[in-house]
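In: okay, sequence plus prediction incoming.
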There are 2 protein chains.
Amino acid sequence: MVTSTDSESAPPADAAEAPKLELLGDLRMTKQRQVVFDVLMEQRDHPTASEVFMRVKDRMPTISLATVYNCLETLSQCGVVKTVNVERGSARYCPNQKDHAHFFCVECGAITDVDLGDGQTPTSGWQMPDGVQVDQFEVAFRGTCPSCAKKNI
Amino acid sequence: MVTSTDSESAPPADAAEAPKLELLGDLRMTKQRQVVFDVLMEQRDHPTASEVFMRVKDRMPTISLATVYNCLETLSQCGVVKTVNVERGSARYCPNQKDHAHFFCVECGAITDVDLGDGQTPTSGWQMPDGVQVDQFEVAFRGTCPSCAKKNI
DNA sequence: AATTTAATTAGAATAATTCTTGATCTCAAT
DNA sequence: ATTGAGATCAAGAATTATTCTAATTAAATT
């Protein structure tokens, strides 16, 4: 990881540019994995596993929560989904394949994708110890979003 | 938050420069809070709440795990302790009051503090949406540390 | 079609954290 | 010193997210 990609900037909340699902090794593209991924792409609001479960159930009523967890784990390991930890409690999931960070509004709970600046990498600005190999990163900002800031005046 | 501080760079594993404990509002500096903080300062290996509990128990056998959680929460809210989430599972705690990130070695589990570069802020390099107010951040890098990388040759 | 391996399901189990309640402590004002 | 109010603590119960287990089903391969 830790490579800048190009293309679309923070998608307008909902959008479906369907990145190709490339799984690794012996992993199979199953109906369940596809539906879990589709659901993430269609409503990009960083749902929890339970929220994904509820959405997936509508079109695949027999799926189990454990499977949703398994699918999210698999997709995450394949780099096609990102796990987001902005709060203690439930992890959230995001199909944005670019290197990006998250901003969490402590007032309304909204999560926004934050893009890297041009020519920046996730380790830019940090004094990484010599010789470490960085494979993944997670950057979370917490604070107040513009619309909540207004309400607080 | 999101202000660069100066002084000491990544402390040599263990060190005790005793930052002053300033609590907010009606909060009181109790024996329990002080001991929890002392323990974090004396062995700076990013312990979990349970590990802190075990260490604190040695010098205050009557303390309860719930109190350790409460103390860590309080110290964290006062900005004197940082909560570190590098893995799912237990949160870890760190008394480094500077703005800093963490590097987690997936091989050996070691956690290293990573300093900001000179003149950098936590949001440097990121295209923060206009008007957001950032109060906190958490940056975690995952990968392989130099000594584990050697073993893998 | 048979075989092999991976994936799914349902529910049980685990583990971290939070909550609840009553007792205790601190501080400040009487 | 006494009292009252609010903060904190302790112990254990409760909650909740996630992982594990074992049996079944599905997918790919021969």
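Out: It's in.
In: now the worst-scoring helix or strand of chain A on mean pLDDT: how far from the chain's centre is it?
Out: In chain A, the helix or strand scored least confidently by mean pLDDT, DSSP states H and E is helix A:146-151, which has a mean of 91. When distances are taken as Cα atoms, centre = their mean, to the nearest Å, helix A:146-151 is centred 25 Å away from the chain's centroid.
In: what does it rub up against?
Out: Applying Cβ atoms under 8 Å, 6 or more residues apart in numbering or on different chains, the contact partners of helix A:146-151 are A:105, A:107-108, B:129-133. C-beta: built from backbone N, CA, C; applies to glycine.
In: out of those residues, which touch DNA strand C?
Out: Among the contacts of helix A:146-151, not one lies near DNA strand C by Cβ under 7 Å from any atom of the strand.
In: nearest to B:Gly117, of those residues?
Out: Distance to B:Gly117 across these (Cβ to Cβ) is lowest for B:Val132, with 22.5 Å.
In: count of residues packed around the closest one?
Out: For B:Val132, the neighbour count with other Cβ atoms under 10 Å in any protein chain shown is 19.
In: wait, doesn't it sit right on A:Gly143?
Out: Yes. Proximity of B:Val132 to A:Gly143 meets the contact threshold set by Cβ atoms under 8 Å, at 6.0 Å.
In: now for these two: what residues contact both?
Out: A:103, A:105.
In: and the closest residue to A:Leu116 other than its chain neighbours, how far from A:Gln120?
Out: Nearest residue to A:Leu116 in three dimensions, chain neighbours excluded: A:Asp99, at 5.6 Å (Cβ to Cβ, 6 or more residues apart in numbering or on different chains). Note on A:Asp99: its distance to A:Gln120, by Cβ to Cβ, to the nearest Å, is 9 Å.
In: now do the phi/psi pair for A:Gln32.
Out: phi -60, psi -50 (degrees, to the nearest 10).
In: do the one 10 residues further on as well
Out: With angles defined as degrees, to the nearest 10, A:Glu42 shows backbone torsions of phi -80, psi -30.
In: next one: A:Glu138
Out: phi -140, psi 120.
In: isn't it right up against A:Asn85?
Out: Yes. A:Glu138 is within contact range of A:Asn85, at 6.6 Å (criterion: Cβ under 8 Å).
In: list the residues that contact both of these two?
Out: Common contacts of A:Glu138 and A:Asn85 (Cβ under 8 Å, 6+ apart): none found.
In: what separates the residue sitting nearest the centre point of chain A from A:Ser50, distance-wise?
Out: Among the residues of chain A, A:Cys94 comes closest to the average C-alpha position under Cα atoms, centre = their mean, at 2.1 Å. Distance from A:Cys94 to A:Ser50, counting by Cβ to Cβ: 16 Å.
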